[in-house]
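In: quick check, what structure comes out for this input:
(chains A, B, C and D)
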There are 2 protein chains.
Amino acid sequence: MKAVNKHAKIITAATKVFAKKGFFNARISDIAKEAKVADGTIYLYFNNKIDILLSVFEEEIGLLIKQTRKLLEAEPDPRKKLEIFVVKHLTTMKKNKNLAEVMQIELRQTTKLIKEYRNSKFSEYVDIIAEIIELGQQQKIFRQDILPNIAKRSIFGALDEVSRIWNITLETNYSVEEAGCQMIKLFISGITEKKSIHR
Amino acid sequence: MKAVNKHAKIITAATKVFAKKGFFNARISDIAKEAKVADGTIYLYFNNKIDILLSVFEEEIGLLIKQTRKLLEAEPDPRKKLEIFVVKHLTTMKKNKNLAEVMQIELRQTTKLIKEYRNSKFSEYVDIIAEIIELGQQQKIFRQDILPNIAKRSIFGALDEVSRIWNITLETNYSVEEAGCQMIKLFISGITEKKSIHR
DNA sequence: TACATCAATGAATGACCATTCATTTTCTTT
DNA sequence: AAAGAAAATGAATGGTCATTCATTGATGTA
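Out: Numbers count the residues shown, from 1 in each chain, chains lettered A, B, ... in the order given. This next block holds a predicted model:
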């Protein structure tokens, strides 16, 4: 068969199948069927099952990093940058539920292997948040007493959990705009009523 | 054999094994060995493998809910309540890495079954945050324009991610106190530099 | 057309492991 | 102490896939 890039076809199929069934419940034969390819063909393009998962992730998050960086570079204000990151993340996860699920569920699974892997692309993604925070601190717009490394985890975790919920409950409770706006408020200004000054 | 509550013994063993290997990579025989019990014995106390996982979770989170509620009831200030919740969560997850891992990793896995299950104990736990926020809003201490349902997800997600990192990286980068304090700052007052000083 | 090279196929293999159940051990009652 | 009941055992079963590889098909070359 004159393959129109089988590699890509298999990745797309695998993303879909992993998202639907989870890594351990996904069968190679499911992926093969989805990609309209023989089971054995998959092994011409990937070493094994986990290799497929990692390829799926690498591909998708790499793209996300590139797009996010592109959006950010035009904007100088760190507050706006943070907003852009939040909205971009939520939008992507809402649009691409397969990616969302693969990110959220699968990559918390195969402990050892993933732990090592995560130190590359995934870290790079989360570190974008830390960069924004550091920039804001340099410009004296963000508080100096916030540790970027804890804040970045908090913000990523919040985004991750909110978009996870979208995948779990079929109903779409909140729009991206509404959720994003709420989260920005929370991170930027906190939960406390502005006028009240605490003692 | 002089059974000293095998049920409990199996649960403890299962928690340990699930945390170490993950649900799908954990063997019933591993759990049996850890509990010093025959493989078959496990089926006298549990219906099947997933039943063990759910029992582990139910047990542990039930306890956490009880302890957290107890700590909260003495404190009237919603800001302090939030602080108590944050610190209790982080402390528990740091102390009980097995529980942390079971919560964080396993329960994001078996999609369908867990989705239904999560609507009970897990939701109850996260809803404690929403209750605190609503209380703060009634008292006009927290902003009215924050939606408790999004804020609760954000705060839980942040806590979850920060404690997840503790489990992944062997080094203990930040103490519970430091991380808790940072997160409280972030949620309560936000990231922006302010004139008014909190507390 | 004949041959060579490379890609693709999918049935067969073999390892793995949750679950079962016939048997053994321990406990209770009389 | 003996018999019956209950609990525990762990080897055997049966089903499930990931992975392999002998075979087939496609494409290019001369």
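In: spell out which parts of chain A neighbour DNA strand D.
Out: Residues of chain A lying near DNA strand D by C-beta under 7 Å from any atom of the strand: A:1-2, A:26-29, A:39-40, A:43, A:48-49. All C-beta atoms are positioned from the backbone trio N, CA, C, and that covers glycine.
In: switch the cut-off to 6 Å
Out: A:2, A:27-29, A:39-40, A:43, A:48-49 (C-beta under 6 Å from any atom of the strand).
In: and those, which of them are buried?
Out: Buried members of these, counted by 16 or more other C-beta atoms under 10 Å in any protein chain shown: A:28, A:49.
In: does A:Phe122 touch A:Glu60 like I think?
Out: No: using C-beta atoms under 8 Å, A:Phe122 is not in contact with A:Glu60; the gap is 11.0 Å.
In: so which bits of the helix or strand that contains A:Glu59 are buried?
Out: Taking DSSP states H and E as the definition, one finds A:Glu59 inside helix A:49-73. For helix A:49-73, the neighbour count (16+ other C-beta under 10 Å) marks A:49-50, A:52-57, A:59-61, A:64-65, A:68, A:72 as buried.
In: go on, stretch A:20-31?
Out: Within stretch A:20-31, judged by 16+ other C-beta under 10 Å, the buried ones are A:21-24, A:26, A:28, A:30-31.
In: in chain A, what helix or strand scores lowest on average pLDDT?
Out: Here the helix or strand of chain A ranked lowest by mean pLDDT, DSSP states H and E is helix A:111-118, holding a mean of 49.
In: the helix or strand following it near chain B anywhere?
Out: Once helix A:111-118 ends, the next helix or strand along the chain (criterion: DSSP H and E) is helix A:121-138. Yes: applying C-beta under 8 Å from any C-beta of the partner chain, one finds helix A:121-138 touching chain B at A:133, A:136.
In: what is the neighbour count of A:Ser189?
Out: The local packing of A:Ser189 (other C-beta atoms under 10 Å in any protein chain shown) involves 17 other residues.
In: give the contact list for the closest residue to it other than its chain neighbours.
Out: Spatially, and ignoring its direct neighbours in sequence, A:Ser189 is nearest to B:Gly190 (4.0 Å; C-beta to C-beta, 6 or more residues apart in numbering or on different chains). Counting by C-beta atoms under 8 Å, 6 or more residues apart in numbering or on different chains, B:Gly190 touches A:186-190.
In: let's see 6 Å
Out: Residues near B:Gly190 by C-beta atoms under 6 Å, 6 or more residues apart in numbering or on different chains: A:188-190.
In: strands along chain A, start to end?
Out: Using DSSP state E, no strands are found in chain A.
In: near DNA strand C at all, stretch A:14-25?
Out: No: Stretch A:14-25 stays clear of DNA strand C (C-beta under 6 Å from any atom of the strand), getting no nearer than 10.6 Å.
In: local confidence estimate at the closest residue to DNA strand C within chain A?
Out: Chain A approaches DNA strand C most closely through A:Gly40 (1.7 Å), counting by C-beta to the nearest atom of the strand. Note for A:Gly40: predicted pLDDT of 92.
In: tell me the spacing between it and A:Gly157.
Out: 41 Å (C-beta to C-beta, to the nearest Å).
In: same thing with A:Ala179?
Out: Counting by C-beta to C-beta, the gap from A:Ala179 to A:Gly157 is 15 Å.
In: what's the answer for A:Thr41, then?
Out: To A:Gly157, A:Thr41 is 39 Å away according to C-beta to C-beta.
In: A:Thr12 too?
Out: 29 Å.
In: compare neighbour counts for these two and give me the winner.
Out: Each of A:Thr12 and A:Gly157 has its neighbours counted (other C-beta under 10 Å); A:Gly157 has more, 25 against 16.
In: that one touches B:Leu159, doesn't it?
Out: No: between A:Gly157 and B:Leu159 there is no contact under C-beta atoms under 6 Å: 7.2 Å.
In: quick check, distance from stretch A:58-74 to the centre of its chain.
Out: The chain centre lies 11 Å from the centre of stretch A:58-74; the measure is C-alpha atoms, centre = their mean, to the nearest Å.
In: can you pull out the helices in chain A?
Out: Applying DSSP state H to chain A gives helices spanning A:6-21, A:28-35, A:39-45, A:49-73, A:78-95, A:97-104, A:111-118, A:121-138, A:148-168, A:176-189.
In: ok, residues contacting stretch A:30-45?
Out: A:7, A:9-10, A:13-14, A:16-17, A:28-29.
In: just stretch A:10-24 next, same as before
Out: Here stretch A:10-24 has contacts from A:26, A:30-31, A:34-35, A:42, A:45, A:52-53, A:56, A:59, A:98, A:101-102, A:106, B:24, B:111, using C-beta under 6 Å, 6+ apart.
In: turn the contacts of B:Gly190 into JSON lines, including distance to A:Ile133 and pLDDT.
Out: JSON lines is the format used below for the contacts of B:Gly190 (distance: C-beta to C-beta, whole Å; pLDDT from 0 to 100):
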{"residue": "A:Ile188", "distance to A:Ile133": "11", "pLDDT": "92"}
{"residue": "A:Ser189", "distance to A:Ile133": "15", "pLDDT": "86"}
{"residue": "A:Gly190", "distance to A:Ile133": "15", "pLDDT": "74"}
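In: tally of neighbours for A:Val37?
Out: A:Val37: 19 neighbours (other C-beta under 10 Å).
In: low-confidence bits of chain A, can you list those?
Out: A:1-4, A:104-120, A:169-172, A:193-199 (pLDDT under 70).
In: recalculate using a threshold of 80.
Out: For chain A, residues meeting the criterion pLDDT under 80 lie at A:1-4, A:19, A:22, A:97-120, A:167-173, A:190-199.
In: re the thing from before, so can I have a markdown table of the buried residues of stretch A:20-31 showing distance to A:Lys80?
Out: Below are the buried residues of stretch A:20-31 laid out as a markdown table (distance: C-beta to C-beta, whole Å):
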| residue | distance to A:Lys80 |
| --- | --- |
| A:Lys21 | 39 |
| A:Gly22 | 37 |
| A:Phe23 | 37 |
| A:Phe24 | 41 |
| A:Ala26 | 40 |
| A:Ile28 | 45 |
| A:Asp30 | 43 |
| A:Ile31 | 41 |
